[in-house]
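*Asks:* pasting the structure only:
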């Protein structure tokens with residue numbers, strides 16, 4: 001991977017200042033820039049999947065047929081797919097080899113016990129209940145721990161997590177630090193819990209707070225981490241009130257990387273040790289193995305409490321499958337077990353976060369508004385700042401995803417008002433403070449050239465932003481509407497999509 005060369009001295013100095021405050025790995029990146037040297041990913045490509053570049057006219061038809069929702073595009077019509085990092089990663093040769101020895105026994109599969117051992121060894125939890133993916137674990141956990149009227153505080157909502165909490169009769173309350181709601185704030189741990197706010201919620205809802213929902217790198221805030229120091233303080237607070245902590249461990253290894261790089265006293269520690277420390281401060285976790293563990297499918301619920309684990313084993317049989325496969329094939333459990341070990345490898349995580357940083361810093365250097373600091377699993381465009389003339393009720397982030405796709409075939413995801421959905425009590429649309437577009441990087445899939453194409457497309461759209469108009473929603477599913485909602489352009493918007501204006505990106509020479 002070639003390190004970015006920024007277009008102006010001011011941008012260069014700004015970038016150098018940001019990097020100088022980081023840990024030794026990113027300082028090494030800075031030194032590499034100064035000596036005009038490059039570094040590369042710690043893997044080589046064995047198998048490729050051909051993709052095709054379509055015409056602008058073709059993409060206009062495709063996005064129109066998809067109702068201006070990138071979730072409804074056919075994958076064959078996508079050139080660079082940055083919709084999600086969930087199940088879209090490139091598995092290693094070891095993972096593919098492991099799939100060949102998967103034990104597909106209905107009960108007592110050897111693959112389950114290898115999977116269970118990996119979870120217990122890397123994350124440290126006592127009981128492991130397999131599920132088909134993360135939301136299966138969220139569903140079972142919510143049915144066990146939540147009663148109607150309960151309150152679940154957490155460091156910002158996630159779509160499926162909050163949905164399962166509300167479906168069980170609970171109410172999510174945001175207790176993330178206020179810096180998380182400001183895209184431009186450079187706070188290094190915007191995923192931290194606001195301790196005063198958390199204690200206030202627990203006190204004012206006595207007996208109704210069973211657990212704190214803690215996400216490792218907060219997705220809806222731009223992939224922002226919490227610190228180990230903050231988690232220890234949360235643990236002390238919850239112990240005083242008899243409240244559990246349940247970790248969304250989907251990207252806990254990425255969170256551990258940021259702890260290693262940004263928190264004093266952690267620089268010399270391996271990511272694997274930090275992951276173990278994080279999990280030891282919680283009572284259980286939900287996991288989508290489609291992210292950190294680099295698998296195409298799978299997940300689990302891990303717990304320390306034996307009684308809760310026993311109830312989970314009962315429910316997994318009802319909703320997922322027997323407690324020794326939980327909706328996964330034996331071959332998938334083998335791939336997850338191997339991927340768990342690969343996810344906490346320091347070289348792997350350096351390359352993974354480094355690629356995200358490369359794309360983010362390139363856009364910052366060109367003046368494109370993004371969430372800062374750059375997060376773990378993607379670069380998040382600030383659609384409010386990108387399209388200040390498009391009001392939130394016209395879904396600016398949704399507009400922006402469609403525009404980027406039409407420009408280049410790059411597929412991204414809306415993370416704003418559409419994703420926030422409606423208040424279940426009032427039926428009113430939620431208006432989140434953050435209106436974002438997520439450029440999510442699958443692990444070990446794309447090259448630097450793909451990042452350059454993506455950055456240049458975003459810049460091209462940014463330079464035409466004054467011509468972009470809003471959308472109206474014409475079909476709204478009852479649940480998790482962002483997956484299947486359909487939109488139509490407001491008057492004049494569709495005609496503008498046919499106008500192609502391209503300005504070359506700033507010279508990197």
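*Replies:* Structure received. Given the structure is predicted, the values throughout are model-derived calculations rather than measurements. Numbering: from 1, shown residues only.

*Asks:* CA only for contacts and neighbour counts going forward, please
*Replies:* OK.

*Asks:* Beyond the strand or helix carrying residue 315, next helix or strand please.
*Replies:* Residue 315 belongs to helix 306-319 when elements are defined using DSSP states H and E. Using DSSP H and E, the helix or strand that follows helix 306-319 towards the C-terminus is helix 330-343.

*Asks:* Can you report how many residues neighbour the closest residue in space to residue 364 that isn't next to it in sequence?
*Replies:* Among residues not flanking residue 364 along the chain, residue 370 sits closest, at 7.0 Å (Cα to Cα, 6 or more residues apart in numbering). Neighbourhood size, residue 370 [other Cα atoms under 10 Å]: 24.

*Asks:* ok, now residue 444?
*Replies:* Neighbouring residues of residue 444 were enumerated by other Cα under 10 Å; the total is 21.

*Asks:* so the closest residue to it other than its chain neighbours, which of the three states?
*Replies:* In space, and not counting its chain neighbours, residue 444 is closest to residue 90: 5.4 Å by Cα to Cα, 6+ apart. Put simply, residue 90 is coil when judged by DSSP: H, G, I helix; E, B strand; the rest coil.

*Asks:* what separates residue 90 from residue 253, distance-wise?
*Replies:* With distances taken as Cα to Cα, to the nearest Å, residue 90 is found 17 Å from residue 253.

*Asks:* Any regions of the protein where pLDDT drops low?
*Replies:* In the predicted model, the chain carries pLDDT under 70 at residues 1-36, 492-509.

*Asks:* List the contacts of the residue nearest to residue 364.
*Replies:* For residue 370, the residues meeting the contact criterion (Cα atoms under 8 Å, 6 or more residues apart in numbering) are 183, 184, 360, 363, 364, 379, 380, 381, 382.

*Asks:* do the same with residue 143
*Replies:* Going by Cα under 8 Å, 6+ apart, residue 143 touches residue 168.

*Asks:* got the end-to-end distance for stretch 85-99?
*Replies:* End-to-end for stretch 85-99, by Cα to Cα: 21 Å.

*Asks:* Would you check the distance separating that stretch from the middle of the chain?
*Replies:* Mean-position distance between stretch 85-99 and its chain equals 18 Å (Cα atoms, centre = their mean, to the nearest Å).

*Asks:* Please spell out which residues along it are buried.
*Replies:* Neighbour counts over stretch 85-99 (16 or more other Cα atoms under 10 Å) mark 85, 86, 87, 88, 89, 90, 91, 92, 95, 96, 98, 99 as buried.

*Asks:* ok, back up a step: tabulate the contacts of residue 370 (JSON lines), appending distance to residue 412.
*Replies:* Listed next are the contacts of residue 370 as JSON lines, based on distance: Cα to Cα, whole Å:
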{"residue": "183", "distance to residue 412": "18"}
{"residue": "184", "distance to residue 412": "21"}
{"residue": "360", "distance to residue 412": "14"}
{"residue": "363", "distance to residue 412": "15"}
{"residue": "364", "distance to residue 412": "18"}
{"residue": "379", "distance to residue 412": "10"}
{"residue": "380", "distance to residue 412": "10"}
{"residue": "381", "distance to residue 412": "10"}
{"residue": "382", "distance to residue 412": "13"}
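
*Asks:* And what about residue 439, helix, strand or coil?
*Replies:* Remark: residue 439 carries the secondary structure label strand [criterion: three-state DSSP].

*Asks:* What is the burial count for it?
*Replies:* Tallying neighbours of residue 439 according to other Cα under 10 Å, which is how burial is gauged here, yields 26.

*Asks:* Compute the distance between it and residue 270, please.
*Replies:* Plainly put, residue 439 is 28 Å away from residue 270 if you go by Cα to Cα.

*Asks:* Thank you kindly, that will do.
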